[in-house]
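Colleague: no FASTA, just this:
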């Protein structure tokens, strides 16, 4: 149950209290800010290796190769006011065709290779790219450099340059004005073709290429340590973020990564089969998933209407709050700011139902004055709706925020002189249903159920905490395959079928994997202290009296003898190859028996809202006419209703076995 203040708890228990409900729309989706890009420039230039950066004065710096050995740079002092006709200035001739750049404060660095593609060079500016110091030879690579990346750590000039040859990933760091020794990652792949990097506590790196054994085209993330998550100079392992089958004729290349409010990523997917396309894709990481890109899985990508073979370079303007996507022939910009619209004053009615695998409902808004004609931009499909339920208390207006909702549809309604806008909303389970896997994902037995579920949720842009999960979820590591076109919802339900654990949704695109123990204490009491409008306590046997698990040469069983003696429950048999001992098979059977017991309905309570109530909470009800002692149940569904004109403010708790 969400934590409530003493005054809010007292108010909801009072016989007569005035409701307080707020509804806020925000330009956010699945935990991150929605970036709505506007195209600023489409002046044509040769499509070759390129990069972009924004120094501290807000100017936009672009660096590109023309594919003929020349490195060019362009500075636009005020991108919003134009200046795209500014000439590209020659930074170096007789060079190779691989470039990268970065900025921090007044510093801008351009990195490129020599004509042999083995000598890595750099030039730096300390006046926001207006002038450049002489070329510096950084290091000589052991083989031809295929791609480059560079990122600053601070405004005093410390930075790291990363590069890939066809078969190696390497980095070199400048600290205090001097470069150290080059560091080889030692990771083994069939080939590399792209690299990108940003800095946040450690060096977060993306690489594209082909996996060594499977020959699958892959986008990986890897961390190069700077003393936060990894020691200085220590490489982590490659972690797959996107992957295609070896025979799919799909290749990934031209990655770019930047940290704005979270990690933002672009990369190119090139389909070489007949009718295929070359297209840039965007993806990101839910901020709650962690600080280190290499340790997490990004969400499923979405296509961008840009087909350049070298993709879009990302750059962030910290001074003015903009995000950029750039190419030699394209510049687009989006504000990074939070845009909110308070709908509370015009809310006519709310009806939302939270179930164990679905959250749906609607919010009705008064549109008599035409306030929501259009509707306004924050009411864009997919945007976040934050609903808080509360009361006017002795300490003022207080409320508690329910799990996230997103706009699934809008519907303008008009009859006579009455005009309303209805927002149909949905929750995180629906986000999982919309998230379909583009290629097969195989967990070979190294990942636990908790890790598998975390990654399923991550691909839908959701953060799943497993701190309250069962020991079984955190220790059993099955062989588990997510097939192409399988939704995140289907994959999650398949994994949960082997656990007694439940998923409880929360705000900020978060969720918790919890173990609903039968011995759990009640979190709230209805009846004696919290008024109840109506109650139905339902007695029904669990659907299962006996569970069998057949493992790899092992057998286990779990029996509910009360249900079995009443002859009201059936037997369920389950195949589970992760069970290699009798004890493991018995644990599988026990999890099945418990999971199915939680599905039995046990009645409902209708009452003024307990605004901290959540699914899966254990609660109790007291009524001497029903039972002499308190009756404990678990909340299996919640319906929230508010109607300003009908004076309705109530909550229905669907109850299940505790």
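Modeller: Sure thing, it's come through. Every value quoted in this text rests on a predicted model; they were computed, and no experiment measured them.
Colleague: from the chain's centre, how far out does whichever strand or helix holds residue 406 sit?
Modeller: If you go by DSSP states H and E, residue 406 is part of strand 405-415. The chain centroid and the centroid of strand 405-415 are separated by 25 Å, computed with Cα atoms, centre = their mean, to the nearest Å.
Colleague: likewise stretch 618-630?
Modeller: 41 Å.
Colleague: Which neighbouring elements make contact with the lowest-mean-pLDDT helix or strand in the chain?
Modeller: Scoring the helices and strands of the chain by mean pLDDT, DSSP states H and E places helix 561-566 at the bottom, with a mean of 74. Using 3 or more Cβ pairs under 8 Å, 6 or more residues apart in numbering; DSSP states H and E as the contact test, the elements touching helix 561-566 are strand 544-550. From N, CA and C alone the C-beta is placed, and that goes for glycine too.
Colleague: strand partners of the strand it packs on, parallel vs antiparallel please.
Modeller: strand 555-559 (antiparallel), strand 570-575 (parallel) (DSSP bridges).
Colleague: Only the buried residues of the shortest one, if you could.
Modeller: By neighbour count on 16 or more other Cβ atoms under 10 Å, the buried set for strand 555-559 is 556, 557, 558, 559.
Colleague: Mind picking the lowest-pLDDT entry from the residues you listed?
Modeller: Among those, residue 558 carries the lowest pLDDT, at 82.
Colleague: Which secondary structure state does residue 378 sit in?
Modeller: helix (DSSP: H, G, I helix; E, B strand; the rest coil).
Colleague: I'd like the distance from it to residue 590, if you could.
Modeller: 48 Å (Cβ to Cβ, to the nearest Å).
Colleague: neighbour-wise, which of those two wins?
Modeller: Higher neighbour count among residue 378 and residue 590: residue 378, with 21 against 18, using other Cβ atoms under 10 Å.
Colleague: give me every residue that touches the more buried one.
Modeller: Going by Cβ atoms under 8 Å, 6 or more residues apart in numbering, residue 378 touches 25, 26, 27, 339, 340, 341.
Colleague: Closest one of those residues to residue 582?
Modeller: Closest approach to residue 582 among those (Cβ to Cβ): residue 26, at 52.2 Å.
Colleague: circling back: please name whichever of the strands paired with strand 544-550 is nearest to residue 616.
Modeller: Comparing the strands paired with strand 544-550 against residue 616 with Cβ to Cβ, the closest turns out to be strand 555-559 (21.1 Å).
Colleague: Can you tell me which of the strands paired with strand 544-550 is nearest to residue 432?
Modeller: Among those, if distance is taken as Cβ to Cβ, the winner is strand 570-575, at 23.2 Å.
Colleague: any residues touching the helix or strand following that closest one, and which ones?
Modeller: Remark: after strand 570-575, the chain's next helix or strand is helix 582-597, criterion DSSP H and E. Applying Cβ under 8 Å, 6+ apart, the external contacts of helix 582-597 come out as 470, 472, 476, 496-500, 518, 542-544, 546-551, 554-560, 572, 574, 576, 578-579, 657.
Colleague: What's the ChimeraX syntax to select whichever of those are buried?
Modeller: Buried subset of the contacts of helix 582-597, written as a ChimeraX selection, criterion 16+ other Cβ under 10 Å:
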select :470,472,476,496,498,499,500,542,544,546,547,548,549,550,551,554,556,557,558,559,560,572,574,576,578,579,657
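Colleague: Can you show me the strands along the stretch 51-200 of the chain?
Modeller: Counting by DSSP state E, counting those that start in this stretch, one finds strands in the stretch 51-200 of the chain at the ranges 60-65, 71-76, 89-92, 95-104, 107-114, 119-125, 136-140, 147-152, 159-164, 169-175, 178-179, 183-184, 191-200.
Colleague: could I get these as TSV with mean neighbour count?
Modeller: Shown next, in TSV, are the strands of the stretch 51-200 of the chain (neighbours: other Cβ atoms under 10 Å):
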stretch	mean neighbour count
strand 60-65	26
strand 71-76	22
strand 89-92	16
strand 95-104	25
strand 107-114	26
strand 119-125	20
strand 136-140	15
strand 147-152	25
strand 159-164	26
strand 169-175	21
strand 178-179	12
strand 183-184	14
strand 191-200	23
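Colleague: Out of those, which is closest to residue 280?
Modeller: Smallest distance to residue 280 across these (Cβ to Cβ): 12.6 Å, for strand 191-200.
Colleague: tilt between that closest one and strand 159-164?
Modeller: 160 degrees (axes from the mean of the first three to the mean of the last three Cα atoms, to 10 degrees).
Colleague: related to what we said a few turns ago, of the contacts of residue 378, buried ones?
Modeller: Here, 16+ other Cβ under 10 Å leaves 25, 26, 27, 339, 341 buried among the contacts of residue 378.
Colleague: need the contact list for the fourth one.
Modeller: Okay, so that is residue 339. Residue 339 touches 26, 27, 377, 378, counting by Cβ under 8 Å, 6+ apart.
Colleague: Understood, closing this out.
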